[in-house]
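Colleague: Just a sequence and a predicted model for now, questions to come.
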Amino acid sequence: MNLLEIKHVTKKFDDKIILNDINLKIKPGKIYGLLGKNGAGKSTLIKLINDLLTVSEGSILVNGKEIGVDSKKIISYLPERTYLDKTLTVQGTLEYFSLFYQDFDIEKAKKLVQDLNLDLNQKLNKMSKGMLEKLQLILVMSRESLLYILDEPLGGVDPATRDYILDTILNNFNEKASIIISTHLISDIERILDEVIFIDKGKIVLTMESDKLREKEKASIDEVFRRMFKC
């Protein structure tokens with residue numbers, strides 16, 4: 001069974017079509033790159049999958065079921081913007097997540113906090129944007145979910161930290177799970193991608209295994225993307 005199946009999904013805001021007849025299947029055990037320019041429809045699609053927006057036409061199935069309470073239990077979502085309570089400490093945030101999510105592994109989270117040089121006793125309102133992004137990723141990857149959806153997970157961190165975060169992503173999901181990463185930093189993440197999804201002007205224009213795409217085009221995924229979407 002597919003972890004995620006999107007069938008003929010269209011999303012409109014008033015009369016403007018944002019997503020147009022999207023069809024997509026996400027299988028277990030793979031890391032997918034959802035790649036496109038600003039305004040291509042990536043964030044809208046992610047919000048639909050997470051039940052933050054409703055489809056205008058079509059349907060979305062998560063693990064064979066319509067989106068709802070059950071789907072939210074198996075999706076771990078990292079939004080592009082910070083959503084955390086900044087009056088809490090890092091420790092308090094971990095404890096809150098442990099109470100809120102039954103699948104949250106607080107010991108794994110504490111190890112990642114230590115590895116990423118965060119302070120359990122620091123208040124979130126004293127942390128930089130990059131530090132908050134690290135914490136959000138820790139929270140997401142410390143859940144034992146089936147589908148991880150990461151919207152721009154590397155935007156505010158330095159290149160050295162990006163490598164550690166990518167390895168963290170690789171090492172913290174099981175073979176039954178899959179990850180969808182939406183990002184502009186294609187050259188940084190392409191080494192971990194199993195498949196790529198190119199989206200442009202609300203339509204999926206290419207889906208392919210990463211190795212096959214590189215072999216076919218004799219170029220990196222980043223180079224292929226630049227060619228296809230050259231301004």
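Modeller: That came in fine, so what should we check first? Numbers count the residues shown, from 1 in each chain.
Colleague: Identify the residues contacting the helix-or-strand element of the chain with minimal mean pLDDT?
Modeller: Lowest by mean pLDDT, DSSP states H and E among the helices and strands of the chain is helix 159-171, with a mean of 80. The contact list for helix 159-171, computed with C-beta atoms under 8 Å, 6 or more residues apart in numbering, reads 31, 112, 115-116, 130, 134, 137, 141, 148, 150, 153-154, 157, 179, 181, 185, 188-189, 191-192. In short, each C-beta sits where N, CA and C put it, glycine included.
Colleague: Within its sheet, name the partner strands of whichever helix or strand comes after it and how each one runs.
Modeller: Going down the chain from helix 159-171, the next helix or strand is strand 178-182, by DSSP states H and E. Sheet partners assigned to strand 178-182 using DSSP bridges are listed as strand 31-35 (parallel), strand 147-151 (parallel).
Colleague: any chance of those strands in CSV, plus distance to residue 20, mean pLDDT and mean neighbour count?
Modeller: CSV is the format used below for these (distance: least, C-beta to C-beta, whole Å; pLDDT from 0 to 100; neighbours: other C-beta atoms under 10 Å):
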stretch, distance to residue 20, mean pLDDT, mean neighbour count
strand 31-35, 16, 95, 23
strand 147-151, 21, 93, 23
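Colleague: Tabulate these (TSV), appending distance to residue 98.
Modeller: As requested, these are exported to TSV (distance: least, C-beta to C-beta, whole Å):
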stretch	distance to residue 98
strand 31-35	26
strand 147-151	18
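Colleague: Only alpha carbons, please: show stretch 66-86 as PDB.
Modeller: The C-alpha trace of stretch 66-86 is given here as PDB (Å, rounded to 0.1, in the frame of the first residue of the first chain):
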ATOM      1  CA  GLU A  66      -9.100   9.900   4.100                       C
ATOM      2  CA  ILE A  67      -7.300  12.800   5.800                       C
ATOM      3  CA  GLY A  68      -8.400  13.300   9.400                       C
ATOM      4  CA  VAL A  69      -7.600  12.400  13.000                       C
ATOM      5  CA  ASP A  70      -6.000   9.100  12.000                       C
ATOM      6  CA  SER A  71      -3.700  10.600   9.400                       C
ATOM      7  CA  LYS A  72      -2.500  13.300  11.800                       C
ATOM      8  CA  LYS A  73      -1.300  10.500  14.100                       C
ATOM      9  CA  ILE A  74       1.100   9.100  11.600                       C
ATOM     10  CA  ILE A  75       2.400  12.300  10.000                       C
ATOM     11  CA  SER A  76       5.200  14.300  11.600                       C
ATOM     12  CA  TYR A  77       5.200  17.800  10.100                       C
ATOM     13  CA  LEU A  78       7.900  20.500  10.100                       C
ATOM     14  CA  PRO A  79       6.400  23.700   8.900                       C
ATOM     15  CA  GLU A  80       8.400  26.500   7.400                       C
ATOM     16  CA  ARG A  81       7.700  28.900  10.200                       C
ATOM     17  CA  THR A  82       8.300  28.600  13.900                       C
ATOM     18  CA  TYR A  83       5.200  27.600  15.900                       C
ATOM     19  CA  LEU A  84       6.600  26.800  19.300                       C
ATOM     20  CA  ASP A  85       5.700  28.500  22.600                       C
ATOM     21  CA  LYS A  86       8.700  30.700  23.200                       C
END
